[in-house]
Structures are given as structure tokens and as C-alpha cells.
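Visitor: What follows is a predicted structure for the sequence shown.
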Amino acid sequence: MSKRNKTKAQSKKKSGSQRTGSGSKAQAMDPAVRERAVEAALKTSYESMQRGDFAKAEEGLRKAIQKFGRHPRLFANLIAAIEHQGRPEDAERAACAAVETFPEDANLHNMLGAVLKFQGRFDDARDAFRKAVELNADYPSAWRNLAGLKEFSSPDDPDLATMRELLRKLGPKHEGRAPLYFSIGRAYDQLGEVDLAWEHYEKGNRNCRSRTRFNVDGLRTTVDEIIECFPADWVNRGPAAGASRAAPVLVVGMPRSGSTLIDQVLSSHSAFHGIGEFPELPRALATHSGDPKHRTRTLASLSDSDISSIGRVYAKLLSRRSGGPQRVVDKYLTNYLHLGLLHRALPGARIVHATRGTLDNIFACFKVMFTTNIPFTYDLDEIAEVLEQSYRLMDHWKSIMPGAIHEVKYEDFVGDLEGESRKLLGFLGCEWEPGCAEFHTTKRQVNSASATQVRQPLYQSSVGAWKRYEKHLAPLAARLGESPQA
């Protein structure tokens, strides 16, 4: 870590120490009583975060630290709660206080590294991840994070050897095997060992898929119902009475379709503020949808008052999260499921559909272990099916909402960034700004799987990347009717 950044981190640690308190009263508590109290606070904070109420979780955790004293798990949850609110500097402050208090805790160093990584401070993040694996060499998540920030240029790289040895040590059902499979696969990919890379990607996906649940038929049925319940005459009734005038930008589509690049380019423009993936629209809808089995039909039967209320609540939450006058960019990708209702609830919203070549998109999903739960990404056929269903529904929206949706094709975007960005900005009613071309220098929190890529100048090496794995993807390509030239 540079001298400048060390000073900055030390300042943050001091500030974090002042904020979190020492919990001196806790020293007199019976250890067993204290541990039960901490467990209860952790449970409450977890439940709040599961509901999406990260502010409440933060408040409870800070009170617990004041009352029961500093505890590594309380700190870990506090860091997560702050980070989910889009406050990277406060998250860093808490993480620095945590590692200062518990310097031998590998998990807290790993969390500090993640906070720094999402800010684009990769050198400092590497230092934190390296410290984590030094403290605990058998820590798959930290190895995954460290490996994700380096380029492997030799098969004799000691980090690769250590990860392979750790993989051999872990039991066959150990969940730590998955991050190691993906990390080793990425290393072999960089070394040009395509077959070995594929072997590890495949094993990593199989391991993840065995621990998740996903119903492809259920998605297909949901899309059928949405198309049936939200036809042209429903969607085009006009704005619901009392609808919000807010004009956010919603980026929708598949994971690994270029959505983070779009978000980063827009966030480099003075008119926009990107907040990443903001799951508040589905939560707002859930309060009106009742029984999940009848959710679509229930939403289609809502009154204008309910529809406009959903839009106003969502717009208010967006504004609160952005904290400024700029137009908000929300890239919660599965919002594509709700565009018909949103068209009436928030008529000023503009929709951007991120798309990418089919096999590139599928393979890009398959070679990543996502930090959030996206269960369909661990099976090639399921990725393909979800892609098909998302396109089927987007085609429906585009056919009945002409002019409301702008498609951005990844290949075109990286091939002519300024030209395609001008088209996008024109759709959004804004002029081009040179800062958009320097998107990789924009300082902001980026929590997606593309956090490292969007910190780099534009490159086109990902276009056609699947062709290196054509031998392994040939069966899927044949089923999809894709040619090697696709």
C-alpha cells in the first residue's frame, strides 16, 4: 500500500474507531451472555438485510457494538450493511477499524479487500487479500479474490500451486471447492490451457448448481403469463393517475451482457448517477402481489392508485439512494419482467436493453462464480433457456411500447463507443460528453462481476471469446443453431 494510501487508511481507521466505540461495559459481561447477545444481534441484522433494510441493520449493529463491544462478526455484518447502501468510504472506514481491532482475522482483511476492489483501488485490494491468505492459507474465498486481481503468466506460479493443493485437501462436498475451481480455471485460461480451464469451469459450475434451485419451466410459465396479462391495450392505457414524474434509466437484460459498461459510461456523464443493482422495484411490487402463484395476474389487476403508488415509492427510494439531482441509473437486470407495469407507474423512465452475442453471453456467465445468487448461470442449457425467455419477453415489450426501449449491442458498443454512446444519450435526451470515453477513470463503487473490466480502457478481446472453447461448446452451439462464425 502506498504511503499516501496508508495515511488515508490510518485516518479512516481512527475515524472508524471513534464511530464504533469500545463497548467498555461489555468487559464486565459474562462471556457466554455476551456471545448470546451478539448472536441475537447478528440474527436480527441478517433478517433486516434479507428484507433489504440495510439502514436498519446498520443501526442495530452499531448499537450492538456500543453495548457488547467490538466483535469480528458484528464488524463483518456492519461492513456489508454499509456497502449495500452505496457508501463505499463509510464501508472502508468500518473495515479499517475492524482490521485494526482484529489484525489476525483473515475474513475482515478479505472484506476490506473487497471494499477497496469495488472502489477500483486494486493495488490496495491485493494487499488486503494477500494478508488474508497469509493469515489463513486455507481460505478459498480470499484466494478467489486474490487470483481475480492478477494475471497468471506461468504454470509454475506459486499461487496456482497453492490453490491446486488446497483443492486437493478439501472434501468432495466442501463449498470452498467452487471458488477454487473458478479461480484455477481462470488461471489456466490466461495460460492458454483451454482444456484444463474448461475442466475446472465445468466442475465449479456443477458444484454451485448442486447447491442451488432453479425452475426453468417456472420461468417459461411466468413469461407466458406476463405476455397474456400485459397486452398492448393494458400497457398503453397511459400513465396511471398520480404517476411520478421521475425519469430514471433502467438497464435490463442478461448478466455479462455489457450492462456494467453501459452503467459506467452513463455514470461518467454529468447528467447521470449510477447506483448499480437496486432491487427495490421487485420489493415494491411484492407488497402488492399477494400469493406468488398468482403474482402476475394480481399485478395486472391493480388499480391506478396502486400502480402510481408503486412508481412513487420506487422513485423515492432511487432518489434517496442517489443523494443528488442527477438522473438515476438502476441496472437491476431482471426488471425486464416488470416493464409493462412500470410503463404506467413511472412513464418517464427510459429502458436500456443490454444484449450480446448468444454464445459469448452464455460462456461469459458460465466462467464466473457470481457473488450474488443467480442460480441459472451454472448450467449451459439453463443459461440458454433464460436468455431465450428474456429475449421473448423483451420482444413483446418492444412490440407494444415503441420508442420506450433502446437496445445496446455489446459488440457494437465496444466497436464504436462514441458513436453508440451518442445514440444512447440521444435516446435519453442528453448530449455527448468527452468524459464518457474516459469511463475507466470514473471514481465510483462498482460491485458487479465486471468491476475490474470497467476500470480498464476499452478493449474488444471479449468479442468472440467463446470460439477458443468451440470444441466444448459445440453441442450447445448445434442446439442453438449457432455457427462458429456467430
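Guide: Received, thanks.

Visitor: Quick one: mean pLDDT for the one helix or strand residue 132 maps to?
Guide: Element membership of residue 132 [criterion: DSSP states H and E] is helix 122-135. Helix 122-135 carries an average pLDDT of 95.

Visitor: do the same with stretch 160-167
Guide: Averaging pLDDT along stretch 160-167 yields 96.

Visitor: ditto for stretch 73-85
Guide: Per-residue scores along stretch 73-85 average to 93.

Visitor: Ok, stretch 279-292 next?
Guide: For stretch 279-292, the mean pLDDT works out to 80.

Visitor: Same question for stretch 139-149.
Guide: Per-residue scores along stretch 139-149 average to 95.

Visitor: Contacts made by that stretch with the rest, please.
Guide: 106-107, 109-110, 113-114, 117, 122, 125-126, 129-130, 132-133, 136, 159, 162-163, 166, 170, 176-180, 182-184, 186-187, 369, 452 (C-beta atoms under 8 Å, 6 or more residues apart in numbering). Using the backbone N, CA and C atoms, a C-beta is placed for each residue, glycine as well.

Visitor: quick one: contacts for the residue nearest to residue 463 when sequence neighbours are not counted?
Guide: The shortest distance from residue 463 to any non-neighbouring residue, by C-beta to C-beta, 6 or more residues apart in numbering, is to residue 411 (5.3 Å). Contact partners of residue 411, counting by C-beta under 8 Å, 6+ apart, are 356, 357, 463.

Visitor: same thing with residue 382?
Guide: Neighbour list for residue 382: 214, 216, 376 [criterion: C-beta under 8 Å, 6+ apart].

Visitor: Pick the one among these closest to residue 91.
Guide: Of all the contacts of residue 382, residue 91 sits closest to residue 376, with 29.2 Å by C-beta to C-beta.

Visitor: Count the neighbours of the closest one for me.
Guide: Using other C-beta atoms under 10 Å, residue 376 has 21 neighbouring residues.

Visitor: So it, which state does it fall into?
Guide: Following DSSP: H, G, I helix; E, B strand; the rest coil, we place residue 376 in the helix state.

Visitor: C-alpha coordinates for stretch 139-158, CSV please?
Guide: Extracted in CSV, the C-alpha atoms of stretch 139-158 (Å, rounded to 0.1, in the frame of the first residue of the first chain):
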residue,chain,number,x,y,z
TYR,A,139,-9.3,-19.6,2.7
PRO,A,140,-10.9,-20.3,-0.7
SER,A,141,-12.8,-17.0,-0.9
ALA,A,142,-9.7,-15.0,-0.3
TRP,A,143,-7.8,-17.0,-2.8
ARG,A,144,-10.5,-16.4,-5.3
ASN,A,145,-10.4,-12.6,-4.7
LEU,A,146,-6.6,-12.5,-4.9
ALA,A,147,-6.5,-14.6,-8.1
GLY,A,148,-9.1,-12.4,-9.7
LEU,A,149,-6.8,-9.4,-9.4
LYS,A,150,-3.7,-10.9,-11.0
GLU,A,151,-2.6,-12.2,-14.4
PHE,A,152,-1.1,-15.7,-14.5
SER,A,153,1.8,-15.9,-16.9
SER,A,154,3.5,-19.1,-15.7
PRO,A,155,2.2,-22.6,-14.9
ASP,A,156,4.7,-22.6,-12.1
ASP,A,157,3.0,-19.6,-10.4
PRO,A,158,3.1,-20.4,-6.6
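
Visitor: Figure out how far it is from the centre of its chain.
Guide: Relative to the chain's own centre, stretch 139-158 is displaced by 21 Å; criterion: C-alpha atoms, centre = their mean, to the nearest Å.

Visitor: now do stretch 361-371
Guide: Taking the mean of its C-alpha atoms, stretch 361-371 sits 12 Å from the chain's own mean (C-alpha atoms, centre = their mean).

Visitor: and the residue nearest to residue 463, what element?
Guide: helix 410-415.

Visitor: Now the one helix or strand residue 314 maps to: average pLDDT?
Guide: Here residue 314, judged by DSSP H and E, is contained in helix 304-322. Averaging pLDDT along helix 304-322 yields 91.

Visitor: Could you quantify the relative orientation of the helix or strand residue 89 falls within and helix 122-135 as an angle?
Guide: Residue 89 is part of helix 88-101, with elements assigned from DSSP H and E. Between helix 88-101 and helix 122-135, the angle comes out at 30 degrees (axes from the mean of the first three to the mean of the last three C-alpha atoms, to 10 degrees).
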